[in-house]
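Student: I would like to see how this sequence folds:
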Amino acid sequence: MNEDNTGSRESITSDTAVTEEESMSKGYISRVRNTDKKNKSPEEYFRWAVFGITMLLLFIAAIQFYFSMQDAISTWFEWEYVSLFKSVYNLVIIGLCVYIIKLFVFRKQA
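Tutor: Coordinates of the predicted model:
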């Protein structure tokens, strides 16, 4: 009885091996399960949470700085030049944002 079970197991594994070889020769990509995935520790989750909170605070501070600069421009310059300086300020912000986005896009592609 043990011989029958062993023989059937060998035939199953040999059939599977032949099937994988056939699929590889046909150019198919076989799926491989990654059983060695790294389990994330609580410390890593904590670091990601701190990073997320920091990025949120940075985003809020950047928005507040943007509107504060708009008010400062209104205070520092004569009323007839306020729209001109606000336009230049907005243009500088747009240029900076495009530059940062370009850096991230080209770094991701490489």
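Student: ok, which stretches of this structure are strands?
Tutor: Assigned strands in the chain: none (criterion: DSSP state E).
Student: Could you break it into its assigned domains?
Tutor: When the chain is parsed with automatic domain parsing, its domains come out as 1-34, 53-110.
Student: Mean pLDDT lowest where, among those domains?
Tutor: Across these, domain 1-34 has the smallest mean pLDDT, namely a mean of 51.
Student: Report all helices and strands that the longest helix along the chain contacts.
Tutor: For the chain, the helix with the greatest residue count under DSSP state H is helix 42-76. Packed against helix 42-76 by the contact rule (3 or more CB pairs under 8 Å, 6 or more residues apart in numbering; DSSP states H and E) you find helix 82-109. Quick note: C-beta positions are derived from backbone N, CA and C, even for glycine.
Student: and the helix it packs on, which residues are buried?
Tutor: Buried residues in helix 82-109, counted by 16 or more other CB atoms under 10 Å: residue 85.
Student: Next, the angle helix 42-76 makes with it.
Tutor: With axes from the mean of the first three to the mean of the last three CA atoms, to 10 degrees applied, the angle from helix 82-109 to helix 42-76 works out at 160 degrees.
Student: Who are the packing partners of helix 82-109?
Tutor: Using 3+ CB pairs under 8 Å, 6+ apart, helix 82-109 sits against helix 42-76.
Student: mind listing what's buried in the helix it packs on?
Tutor: Buried residues in helix 42-76, defined by neighbour count with 16+ other CB under 10 Å: residue 73.
Student: Could I get the phi/psi values of residue 79?
Tutor: Dihedral angles of residue 79 (phi, psi; degrees, to the nearest 10) stand at phi -60, psi -30.
Student: how far away is it from residue 68?
Tutor: Residue 79 is 19 Å from residue 68, where distance means CB to CB, to the nearest Å.
Student: cool, and residue 43?
Tutor: Taking CB to CB, one finds residue 43 at 37 Å from residue 68.
Student: what residues are up against residue 57?
Tutor: The contact partners of residue 57, taken as CB atoms under 8 Å, 6 or more residues apart in numbering, number zero.
Student: How much space separates it from residue 64?
Tutor: Distance, residue 57 to residue 64, using CB to CB: 11 Å.
Student: And for residue 106?
Tutor: 30 Å.
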